[in-house]
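> I'll drop the sequence and a predicted model, then ask my questions.
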Amino acid sequence: MRSVIDILDLSVEEIDELIRTACDMIENPKKYSECLKGKKIATLFFEPSTRTRLSFEAAMMELGGSALGFSDAKNSSASKGETVSDTARVVSCYADIIAMRHPLEGAPYVASLAASIPVINAGDGGHAHPTQTLADLLTIYREKGRFHNLTVGFCGDLKYGRPVHSLIHALSRYTGVKIVLISPDELALPDYIKRDVIEKHGMPYYETTSLDEAIPELDVLYMTRVQGERFDDPDEYFRLKDFYILDPAKLENAKSDMIILHPLPRVDEITVDVDADPRACYFKQVFNGKNMRKALILKLVTEAEANPASAKRPTRMLSSNICKNSRCICKSERGLIPQAVETDEGLRCAFCDSAVEIN
Ligand code: NCD
């Protein structure tokens, strides 16, 4: 049995297979309408969401199954002090698969260690959002027909924007992808992703604060919302939130076949008059996301039935908690033994991926 916590939990071949299945689901929805009859998805959302939660629930229903869950931590036993592990263990008695969103980084991974059913990370803090990446990949595939040889610009909040982190990881496995990082200095992509993903894979890239300068060379422009909820200082958020506004004038210098992606919700970073531009693909992403989630749920539930033994990631137990990330689940989950993963670049916290050092 397997969970999907990070986009790299899926191989390139598996992503290809999910894309093929999702395309077939789009063409022949009836063929799949009963294949998970009687199965249930639990959507455990400790953070606000419209698309992602409803998308998982709609996906399961379109496969013949049903959905249960909560959309606010206040309505769950977390408000009484229950750990993520206990919640996951309990929900394993009620459902066949879990989709979890949580403000703490690593929470879905902790859930996957305790659950006896597959867990899908539906967004953990500023860390990762693998199923948004599946939506992005299907959209790029359907609009551009390839993942190789693309220049992809990421614009806005590259520091906290978890869809950006997961998509960069995914794109690092294709050849000829050039990355352009467009952000104010305060919202730059975290160094560990720059160094350990982009540079490690030899992907050409540059950083700029100017969307105008970057836009003419882009094949894909990935706009993002500034993530107000993750700022410690509200004034800093108000200073940065309208740093980039994509409007029809800015698009005049873009390629005629560039595509505009955005994980949504959109605030002011794309004006509504861009929606009519044929390059605007963010609502197509929503549709594609539901179909990729259908394909993923079907794969994981079917695999779990065939192989109920849980597959754990290889990690090393630590005697003290040396993770320095205050947003990591390891700082608050009772009874959690600190764990690290050995990588080529050194030890990383197994929950949130931040670098850890043993003195
Ligand atoms: C994104 C998220 O939650 O990370 N939204 C989504 O899942 N579609 C992006 C965001 O909230 O800005």
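Thanks, I have the structure now.

> Which neighbouring elements make contact with the worst-scoring helix or strand of the chain on mean pLDDT?
The least trusted helix or strand in the chain, going by mean pLDDT, DSSP states H and E, turns out to be strand 316-317, with a mean of 80. Packing partners of strand 316-317 (3 or more Cβ pairs under 8 Å, 6 or more residues apart in numbering; DSSP states H and E): strand 339-343. C-beta coordinates here come from the backbone N, C-alpha and C atoms, glycine included.

> buried ones in the strand it packs on?
By neighbour count, and taking 16 or more other Cβ atoms under 10 Å as the criterion, the buried residues in strand 339-343 are 339-341.

> ok, now how distant is the closest residue to residue 76 other than its chain neighbours from residue 101?
Of all residues beyond its chain neighbours, the one nearest residue 76 is residue 70 (4.9 Å), with distances taken as Cβ to Cβ, 6 or more residues apart in numbering. As judged by Cβ to Cβ, to the nearest Å, residue 70 and residue 101 stand 11 Å apart.

> Any figure for the gap between residue 111 and the ligand?
17 Å (Cβ to the nearest ligand atom, to the nearest Å).

> Was I right to think that residue contacts residue 83?
No. Counting by Cβ atoms under 8 Å, residue 111 does not reach residue 83; the two are 9.8 Å apart.

> who has more neighbours, these two?
residue 111 (30 against 19; other Cβ atoms under 10 Å).

> residue contacts, that one?
44, 84-85, 87-88, 98, 100, 119 (Cβ atoms under 8 Å, 6 or more residues apart in numbering).

> got it, and residue 175?
Shown in contact with residue 175 (Cβ under 8 Å, 6+ apart): 148-149.

> That one and residue 149, how far apart?
Counting by Cβ to Cβ, the gap from residue 175 to residue 149 is 7 Å.

> Now pLDDT too, for the buried residues of strand 339-343, in a markdown table please.
Output for those, formatted as a markdown table (pLDDT from 0 to 100):
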| residue | pLDDT |
| --- | --- |
| 339 | 91 |
| 340 | 91 |
| 341 | 89 |
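
> and of those, the nearest to the ligand?
residue 341 (23.1 Å; Cβ to the nearest ligand atom).

> coming back round to it: find the residues that touch each one of residue 70 and residue 101.
Common neighbours of residue 70 and residue 101, using Cβ under 8 Å, 6+ apart, are 44-45.

> out of the two, which sits in the busier spot?
Legend: neighbour count by other Cβ under 10 Å for residue 70 and residue 101, higher for residue 101 (25 against 17).

> Tell me how many other residues crowd the nearest residue to the more buried one once chain neighbours are set aside.
The spatially closest residue to residue 101, leaving aside those adjacent along the chain, is residue 122, at 4.1 Å (Cβ to Cβ, 6+ apart). Using other Cβ under 10 Å, residue 122 has 26 neighbouring residues.

> which SS class is residue 122?
Classification of residue 122 using DSSP: H, G, I helix; E, B strand; the rest coil returns strand.

> need the residues of the stretch 151-300 of the chain near the ligand, please.
162-163, 225, 227, 263-264 (Cβ under 6 Å from any ligand atom).

> How much space separates the nearest residue to residue 253 once chain neighbours are set aside from the ligand?
Leaving aside its chain neighbours, residue 253 sits nearest to residue 216 (5.0 Å; criterion: Cβ to Cβ, 6+ apart). Using Cβ to the nearest ligand atom, residue 216 is found at 26 Å from the ligand.

> and residue 216, that's in a helix?
Yes. Counting by three-state DSSP, residue 216 is located in a helix.

> OK, contacts around it?
253-255 are the contacts of residue 216 under Cβ under 8 Å, 6+ apart.

> So which residues of the stretch 201-350 of the chain form helices?
Along the stretch 201-350 of the chain, the segments classed as helices by DSSP state H, counting those that start in this stretch run 211-214, 234-240, 248-251, 282-306.

> so of the ones you listed, which one's packed in deepest?
Highest mean neighbour count among the helices of the stretch 201-350 of the chain (mean count of other Cβ atoms under 10 Å): helix 282-306, with a mean of 20.
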